[in-house]
Every structure is written in C-alpha cells, then in structure tokens.
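> Kindly generate the corresponding structure for this input.
(2 chains)
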Amino acid sequence: MSTNQALADRLAQIARIQELLGADRFRAISNERAARTIEGLSVDIATLAKDRKALLEIDGIGPKIADKVIEFVETGRIAELDELAAQVPPGVIDLLNIPGLGPKTAAVLWKQGGVTDLAGLKRLIESGEILKLPRMGAKSVERLKESIALAESGSQRLALGLALPVAQRIVERLRKVKGVQQAAYAGSLRRGKETVGDIDILVAANDADAARAASEAFRTAPEVRQVILSGETKTSVRVAVSPDLGRWTVEGREGDAVPEESGPTIQVDLRVVPPESWGAALMYFTGSKEHNIELRERALAMGLTLNEYGLFPEDGHEEPPQKRGVKPVAGRTEAEVYHALGMAYIPPEMRELQGEIAWAERSLKRSKPAPSDGDDDATAGLITVGDIKAELHAHTTASDGSMSIQQLAAGAKARGYHTIAVTDHSRSSAIANGLSIERLLAHIEAVREANEQAEGITILAGSEVDILADGRLDYPDDILEKLDVVVASPHSSLSQAPEAATARLISAISNPCVHILGHPTGRLINRRAGLAPDMAKVIAAAKEHNVALEINAHWLRLDLRDTHVRAAVDAGCLIAIDCDVHAPEDFDNIVFGVLTGRRGWLPPEQCINTWPAKKLHAWLKSKR
DNA sequence: GCCGTTTTCGGCCCGACTGTTTTCAGTCG
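Have a look, this model is predicted:
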C-alpha cells in the first residue's frame, strides 16, 4: 500500500473515532477531508513531507494536520491516533462499516448497550434488549439485521466495467418512460472511478405523473432484488449484477461464467427532478462530495446558494428558495452553473477537488468571450475516445488471443484506426503460449505479409515482451530491433519488494528498443495489488528515455491508474492507451482507458495513440 | 481543525428519507 493510502486510512480513522467520541464534528470533518485529499494526491506524500510549507499549500491541510503527516512519514505512527484508539474498543469502530449505522448509534450501542463488537451487537438483537435503547424500534432493528447481513457478505466496490452496463441498461429503460425528458447515470461512475460503491441515476421528469412513473419503472425492474427506500423524488434499490463480463482471467479467457442466483448486488439510487433543475442536479449527483462542497461555499461567498435545484440568490430566508418560487440564476445545464460561478465547465472526471477549481477559473479567463452554455467540454482540452487512432497492444492466436492478424486489422479499421500493432507474448509467458524466437521470426514475416495485403490500415509487427524479475527483457536486443513496436510488461514476480520493482521497470525503460511500458504495476482491481514501484522515479525514467507509459484500458487493470497518469502528465511523459486486445469485444474497453486518462487530465497530444500515422510511425522508428 | 471577495474569530453545504416521535435526530450522498 502506498504511503498516501496508509496515511489517508489513519486520518480517516482519527475522524471516525472523533465522531464516535462526540468531539467537535468540524474537527472530524477536517481530518476526513484531509484523508480524501491525500488519497487522491498524485505526488508521493513522503516526498512532500520534507517541506512543511509545501504541505500547508494543499487545500484542507493546516498546521495540525501537516504535523501529523510529518510525524507519520518519519515514525510510521500518529500519536494522536494511538491515544484515540485506546479509548474505543476496535470492534465498536468496525460497527461503522454497517450501512445505516452511524457514529451516534454506534456510541449509544457501546455506552448504553454494552456492545463492544459485532458479535455483541448480534447478541443484543437476539435478546431483544436492543429495543430498550433510545430510538430503537422494531423497524429499526429489522433494517439493522439486514444491514449486518449485507456487511458480512463482504460487499466490495464494483469494478467500473461491471457497473457501467448495469447503469446503461437502467438508463435506457427510464428514457422510454412517458414524460421523462432526460435520464443519465451520475456519481463516481460518471467520474470514471476505477470502482464504484453504488450507482446513481438521475431523471428529469415533466410533471408529477411522469416522476411517479419513472420511480415505479425503476422499483419494479426485473433485476431489482430489494427496495431500500422509496420517496417522492428519491428511490434506492439493490440490484443483481450480471457477471457475464466477469470471465476475464489473468492471461487468456475462460468460458462464460454461470450467473449465480445469489450473486453480487449493488445499490442503485434514483433521483427525479424537474427539467429546469437538470444541470444543478446532475452536478450535485455527480460529485465528488468534496468538489460539491467547494462549489457551494464558493456560491455563498458570491452571495448565492447552490443546491440540486439550481443556483439561487442568497436572501437569508429559512425556507429553501426553490420552495418559494424564487427564480434561479442558473441550473438547466451544468455549464450554465459553472459559468455563473465564474468558472469554465469542468468535465466530470476532473471533479475530485485536486486543483480543478483553480484550473476552471484560469480556463474561463483564457477563453473569453464567455463560452457557450452547452455541456461540451471542448474548452477542457482532455482526450476523448474519438481522438484514438491506433491500437498498439493486441494479441492473435499465435499466443493467447482469439483472432487472426487479419481479423485484428479488420477490427481496428472498423474503429477508424490507421494503425494496429500485433504484439503477441514473449517466450517466458508459457501459460499464454508465448513465442519462441523461431516462432516470433516467422510471425513477423506473417505480419509483414498481412500488411502488404491490407488496405487503409498499417499493421505493425511487435511483441509484448516480458520484463523478467531482474529487469532483463525476454528477447535479446538483436531480436527486439527487428520489431516495429516493443511493449515491455511485467507478468510474473508481481509481489517483489518496491525497490526491486523500481529497478526492474527502470531497467526495461532504459533499453533503447522499448517503446511502451505495458501495464506498469500488473495490478488487477479487487484481485491483486501488483507491483508498488516508486512511480516518481519510473515516470522520470520514462521521460528521460522517451518511453510511453501505458494505460491498459481493460477495466480490471486500468494500469497506470488515475493518480499515476496525472503525475506522468504533469511530468511531460508520453502516454499510450491500449486495449490489450485478445478478442473482438476488447476494443470496446477503450472507453475505460480514456476515462482513466481524463481523470489524469491527459490532453490528446500527449497520448501517442492520437497521433496521425506519419507522426506515430516516425516516433516508433526514431527509437531504432 | 481549517480558512478568509464583509471575517485572523467565528463561522463551517444542503436536502431527502426513515423511524420514532409530537417536532426531530440520524444517516446518507
């Protein structure tokens, strides 16, 4: 685990205990906020901690938290956390993982009910004694029991690629409901986070009848397993996740997985708003929470108030403006709201409170006169799927792919690409049927021949060469020199020490034959952590040696991850976004790679897959 | 515990829903 994550976890833990102990809640909020900020930071906090002033420049980090950061980096501990933890049984803190059970309830269970862990809570429920506690009625206990069962089933966050089809299916259905003007998914899914904790759906309905119809359609959908809550404008359900995309194995593929009756589920929240509130509601529901809070504070400072119904003049009334018929300043589109707040439109992927507010202020000034109120993100300058013109990491039946060279080329051409690189596995990847030198040489010939025959697309001969544990590549240089594209990737020894991993990757980057560092950490989301190299050093080496760092677009990899992309982009590194194609549908994964690039603020010109053929081919040759 | 386009002190985003209460506390996002 990275230092950033470890520190964020500890600060969040401080916040949780403070809430449990009933301390000043704004203190807890400050610690929690700092935790989220540090988690999303693209620079290594340990490096930053050497300079206290630099720490204090980060939003939400003041003198007290800066000291805690420094203390943690230097000693590996935070004394304050140790003291706090000694005051609360660890099992009580764990109770907060139960959905719907917050700090106030946990404190009551502990102090008045004598509960010190989950087992104790269950005993209290069984005995019925729990009903004697304040605000604990039969219904509350019933909900609590369901929540405990859910927490015990170990519900982890769902991978982006599994959540997206669920959301798209629901949105399509809601769009067909009479009187529904717009429907979209929002939340962390729209922001393109690699995993999501729930799915948020927003609907704009013409009138109350349409709103009811949309809610009804949502509640009664076939995949709904449970209705959690259902009000006039807000409904939450738990739906089954189809595992039909879950057939990916580490290398190669298995047959379709059999759907399980009691398979994974995810919570889906629906919110219905009037059309004139669409933009404001979409912003509110897209988040991130920290981004929203910042915008609302900004609105207040401008004499305005922002909620999911719109941006209104702040007039000091107790009753919310939308209930008094106050005319909003903005709210129909997101761009309208951002502009009214003195900012350029901010793409969802950037809304993590990691400098995008200042960026949007600068952008608006640059793009005078004021941009149109459409929700186009042309001004943002981030990469889009339409910018991608080449696939540089693809496998054929020669190793572990399911397609021929010609089929690969046809797939790439159908997407409007000008180039595809055939990069089958190297000899050490025995499980993936890696190519011996003899087979590789023959394969190169086959690719060259296919390229001769191909029209409207260039087929390049390449290899996905294993980076061996000691940093050597799996083919000698005189073989690599024969290839148009060399993608060097780690596949084995993925749990080696960080120092060894750093040296290993830098060794590969330093080889003049290498063009692209493929899936640099080898992690699989929710399955294995992968390598934990010093990314700052890897990025610096890639920049020095003119090697592109790959964002592997498969939703289980997304490797580089978003924060590393941001650091690489800031360092001026080249980025490749590749689908690691093994089967025809893998080309579709490009959307996840591009989302991850956008989360790292990647402009198209810094991504080699967007370059025109001439420029790309020249760059590849320049390394020969 | 942080922070400043009325503030270096005194604020701190805003609304929906539920359950247990008789006007609201707790949780969530």
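> For the most centrally placed residue in chain A, which three-state class applies?
Centroid-nearest residue in chain A, with CA atoms, centre = their mean: A:Lys193, separated by 1.7 Å. For A:Lys193, the assignment made with DSSP: H, G, I helix; E, B strand; the rest coil gives coil.
> Please name the nearest non-neighbouring residue to it.
Here the nearest residue to A:Lys193 in space, its sequence neighbours aside, is A:Leu160; by CB to CB, 6 or more residues apart in numbering that works out to 6.8 Å. Backbone N, C-alpha and C define where each C-beta goes, glycine included.
> Verify the contact between the one you found and A:Gly192 for me.
Yes. Assessed by CB atoms under 8 Å, A:Leu160 is found in contact with A:Gly192 at 7.0 Å.
> Pull up the overlap in contacts between the two.
Common neighbours of A:Leu160 and A:Gly192, counting by CB atoms under 8 Å, 6 or more residues apart in numbering, are A:592, A:595.
> Which residue is the nearest non-sequential neighbour of A:Ser402?
A:Ala583 (4.6 Å).
> Give the burial count for the residue of the stretch 151-300 of chain A found nearest DNA strand B, as a bare number.
Proximity of the stretch 151-300 of chain A to DNA strand B (CB to the nearest atom of the strand) peaks at A:Gly231, 2.3 Å away. Look at A:Gly231: counted by other CB atoms under 10 Å, it has 10 neighbours.
> gap between it and A:Asp484?
59 Å (CB to CB, to the nearest Å).
> Next, the contact list for A:Trp555, please.
So A:Trp555 contacts A:159-162, A:194, A:525, A:589, A:592 (CB under 8 Å, 6+ apart).
> Smallest distance to DNA strand B belongs to which residue of chain A?
For chain A, CB to the nearest atom of the strand, closest residue to DNA strand B: A:Gly137, 1.8 Å.
> Can you tell me which residues in the stretch 301-450 of chain A are near DNA strand B?
A:301-303, A:305-309, A:314, A:320-322 (CB under 7 Å from any atom of the strand).
> May I ask which of these has the most neighbours?
Highest neighbour count within these, by other CB under 10 Å: A:Leu306, with 27 neighbours.
> surely it meets A:Ile293?
No. Using CB under 8 Å, A:Leu306 makes no contact with A:Ile293, being 10.1 Å away.
> Report how many residues lie close to A:Leu48.
Other residues within reach of A:Leu48, judged by other CB under 10 Å, total 22.
> ugh, typo on my part, it should be A:Arg77
By other CB under 10 Å, neighbour count at A:Arg77 equals 11.
> for the record, mean pLDDT for stretch A:542-553?
For stretch A:542-553, the mean pLDDT works out to 98.
> Check stretch A:131-140 too.
Rounded mean pLDDT across stretch A:131-140 is 92.
> Show residues contacting that stretch.
A:105, A:108-109, A:112-113, A:130, A:141.
> now the end-to-end length of it.
Stretch A:131-140 has an end-to-end distance of 9 Å (CA to CA, to the nearest Å).
> any low-confidence regions in the stretch 351-500 of chain A?
A:367-379 (pLDDT under 70).
> And the helices in it?
A:356-366, A:405-414, A:437-453, A:477-480, A:498-510 (DSSP state H, counting those that start in this stretch).
> Then the stretch 51-200 of chain A?
Under DSSP H, counting those that start in this stretch, the stretch 51-200 of chain A gives helices at A:52-56, A:63-75, A:79-85, A:90-94, A:103-111, A:118-127, A:138-152, A:160-175, A:187-190.
> tell me which parts of the stretch 1-150 of chain A are close to DNA strand B?
Close to DNA strand B, as judged by CB under 7 Å from any atom of the strand, the stretch 1-150 of chain A has residues A:24, A:26-27, A:29-31, A:34, A:58-66, A:80, A:99-106, A:134-141, A:143.
> of those, buried ones?
A:30-31, A:34, A:58, A:60-61, A:65-66, A:80, A:99, A:101, A:103, A:105-106, A:136 (16 or more other CB atoms under 10 Å).
> Relative to A:Ala151, which of these is nearest.
Ranked by distance to A:Ala151 (CB to CB), these are led by A:Pro99 at 6.8 Å.
> which of the contacts of stretch A:131-140 are buried?
For the contacts of stretch A:131-140, a burial check counting by 16+ other CB under 10 Å picks out A:105, A:109, A:113, A:130.
> Please identify which of the residues you listed is nearest to A:Thr396.
A:Thr105 (57.4 Å).
> if I look at the closest one, how far off is A:Glu464?
Counting by CB to CB - A:Thr105 and A:Glu464 are separated by 52 Å.
> Repeat that for A:Phe312.
For A:Phe312, the distance to A:Glu464 - CB to CB - is 55 Å.
> When the two are compared, which one has more neighbours?
A:Glu464 (29 against 23).
> just checking, the more buried one touches A:Ala394?
No. If you go by CB under 8 Å, A:Glu464 and A:Ala394 don't touch, sitting 9.0 Å apart.
> hey, what's in contact with both of these two?
Counting by CB under 8 Å, 6+ apart, the residues touching both A:Glu464 and A:Ala394 are A:Thr423.
> ok, A:Ser215 touching A:Thr235?
Yes. Because the distance of 5.1 Å satisfies CB under 8 Å, A:Ser215 is recorded as touching A:Thr235.
> any common contacting residues for those two?
Any residue near both A:Ser215 and A:Thr235 by CB under 8 Å, 6+ apart counts here, and that gives A:Leu270.
> which residues touch A:Leu21?
A:Leu21 neighbours (CB under 8 Å, 6+ apart): A:84, A:87-88, A:107.
> Apply 7 Å and report the result again.
A:87-88 (CB atoms under 7 Å, 6 or more residues apart in numbering).
> Run through who's touching the lowest-mean-pLDDT helix or strand in chain A.
When the helices and strands of chain A are scored by mean pLDDT, DSSP states H and E, helix A:356-366 comes last with a mean of 86. With CB under 7 Å, 6+ apart as the test, helix A:356-366 has contacts from A:294, A:338, A:342-344, A:346, A:350, A:379.
> Let me know how buried A:Arg504 is, in neighbour terms.
When neighbours are counted by other CB under 10 Å, A:Arg504 comes out with 22.
> I'd guessed it sits against A:Ile467; true?
Yes. Counting by CB atoms under 7 Å, A:Arg504 touches A:Ile467, with 6.1 Å between them.
> what residues are shared contacts of these two?
Looking at what touches both A:Arg504 and A:Ile467 (by CB under 7 Å, 6+ apart), the common residues are A:Pro490.
> SS state for A:Ile201?
On the basis of three-state DSSP, A:Ile201 is classed as strand.
> Distance check, the closest residue in space to it that isn't next to it in sequence against A:Pro321.
Spatially, and ignoring its direct neighbours in sequence, A:Ile201 is nearest to A:Leu270 (4.9 Å; CB to CB, 6+ apart). Computed with CB to CB, the distance linking A:Leu270 and A:Pro321 is 24 Å.
> Could you do A:Ala553 as well?
In terms of CB to CB, A:Ala553 sits 44 Å off from A:Pro321.
> Name the nearest residue to A:Ala461, sequence neighbours excluded.
A:Ala461 sits nearest to A:Val447 (CB to CB, 6+ apart), 4.1 Å away.
> burial of that neighbour, as a residue count?
26.
> who's in contact with it?
The contact partners of A:Val447, taken as CB under 7 Å, 6+ apart, are A:405, A:422, A:459, A:461.
> for A:Arg191, same thing?
So A:Arg191 contacts A:286-288, A:348-349, A:351 (CB under 7 Å, 6+ apart).
> at 6 Å instead, please
Contacts for A:Arg191 were tallied using CB atoms under 6 Å, 6 or more residues apart in numbering; they are A:348-349.
> Go ahead and confirm A:Ala409 touches A:Ile459.
Yes. Using CB atoms under 6 Å as the test, A:Ala409 is close enough to A:Ile459 to be in contact (5.2 Å).
> Now for the two: what residues contact both?
Common neighbours of A:Ala409 and A:Ile459 (criterion: CB under 6 Å, 6+ apart): A:Ile420.
> Tell me what A:Asp578 is bridged to.
Beta-bridge partners for A:Asp578, by DSSP bridges, are A:Asn552.
> Much appreciated, bye for now.
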